[in-house]
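>>> my questions concern the predicted model and sequence given below.
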Amino acid sequence: MSAVSKLDVGRPVRTGANLTPMIDMTFLLVVFFVLVSRITAVEQVPMELPVPRDPAAGAADEAPRIVVNLVHDDRADRRRATLEQRDFDLDVAGIAALETEVRRRLLETPDLQVNLRADRRLPYTTVSPVLDALGRSGRGTDRVDGVRVNLVVIDESVVGRDEDA
Amino acid sequence: MSHRRRPSTATGRPQKARVELNLTPMIDVVFQLLIYFLLGTSFAVGEQTFRLDVPDRGESIEIDPFELDVTPVVVQVAGSGRIRVDGPWDGPVHVDALTAFLEARRLDRGGLLPANTPIHVDPLPGVDWGEAVEAFNAAVRAGFDSVGFIDTSSGNAP
């Protein structure tokens, strides 16, 4: 782009768009999405969550929380609980290790909540020992009402609205 | 980066060499990355949570001797939508009717059950998590404050 200078008649003036702020913003957005996609990949393990009709559930609040995932596998011996990329077997030793790990985190963060994401195809008998372990993990942490567990479900009406948009 | 010497001007003095950084390919790549992450990032769309305070079932608790026992309502979940609600009533047999049934028995709706009556969802062996949550949701939707799971099949009843 060029124009004629009013100060120095006859000499062309170089004009150009300053791209620096745009590049800054773009890099910030890229960094944001890189970090967020890593966090969600760790916490939001792909699975089929329960889809209750007309759910009475609400949006999760902003309290600090950890996410325990229970992923379905056709073979019962391959089923695992995951907590931030660490796998726990669903046998007695594995569930005890999960309980210890959750207790350690509950002691570190007083108002910590536990989000339980369990695949809807899992038998309840697989989920129940994990719920019990989460309850026991509050032992010695001075939680009068027990451990706050959030059962994660999908509201299909919200998903439908987002897909339509 | 381009680095070239311009031809001499009419004065005979050579122009200074211009050093330029070509930013176009970098911007192209950065925008490609941006679009990739915009499309590829999936947030927890539609995820909601039920609050559940899980007590330690093995720990001893202090009981107030003057407090009256509140008999819980036990909802047995048998799978394929079938349920059974024990009690002095003709209870529903399908989970679709559970909300209306419990709502009608709330004290503030002319029933006998206070809103803090514990509702225990008891999935039988073989019932999957999705069906257990469906019954749990129906009880919460009926307006009861204390809804939880029990597992009588493994002896983990409260």
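Structure received. Numbering: from 1, shown residues only, chains lettered A, B, ... in the order given.
>>> packing partners of the longest helix anywhere in chain A?
Using DSSP state H to define each element, chain A has its longest helix at helix A:20-43. Secondary-structure packing of helix A:20-43 (3 or more CB pairs under 8 Å, 6 or more residues apart in numbering or on different chains; DSSP states H and E): helix B:24-40. For every residue, glycine as well, the C-beta is placed using N, CA and C.
>>> after the helix it packs on, next one along is what?
Beyond helix B:24-40 on the C-terminal side, the first helix or strand identified by DSSP states H and E is strand B:47-54.
>>> related to what we said a few turns ago, between helix B:24-40 and the longest helix of chain A, find me the angle.
Using axes from the mean of the first three to the mean of the last three CA atoms, to 10 degrees, the direction of helix A:20-43 lies 30 degrees away from that of helix B:24-40.
>>> give the rounded mean pLDDT of the helix or strand following helix A:20-43.
The first helix or strand that comes after helix A:20-43 along the chain, using DSSP H and E, is strand A:65-70. Averaged over strand A:65-70, pLDDT sits at 89.
>>> could you dump the next helix-or-strand element following strand A:65-70 to PDB, C-alpha only?
Once the chain leaves strand A:65-70, the next helix or strand it forms, by DSSP H and E, is strand A:80-83. The C-alpha trace of strand A:80-83 is given here as PDB (Å, rounded to 0.1, in the frame of the first residue of the first chain):
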ATOM      1  CA  ARG A  80     -10.300 -50.200  35.100                       C
ATOM      2  CA  ALA A  81     -10.900 -47.000  37.100                       C
ATOM      3  CA  THR A  82      -8.800 -44.100  35.900                       C
ATOM      4  CA  LEU A  83      -7.800 -41.100  37.800                       C
END
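>>> my read: B:F144 touches B:P114, true?
No - B:F144 lies out of contact with B:P114 (CB atoms under 8 Å); the separation is 9.1 Å.
>>> can you check which residues contact both of those two?
Both B:F144 and B:P114 are contacted by B:R106, under the criterion CB atoms under 8 Å, 6 or more residues apart in numbering or on different chains.
>>> okay, those two: which has more neighbours?
B:F144 (20 against 13; other CB atoms under 10 Å in any protein chain shown).
>>> now that one, nearest residue through space, not along the chain?
B:I119 (5.0 Å; CB to CB, 6 or more residues apart in numbering or on different chains).
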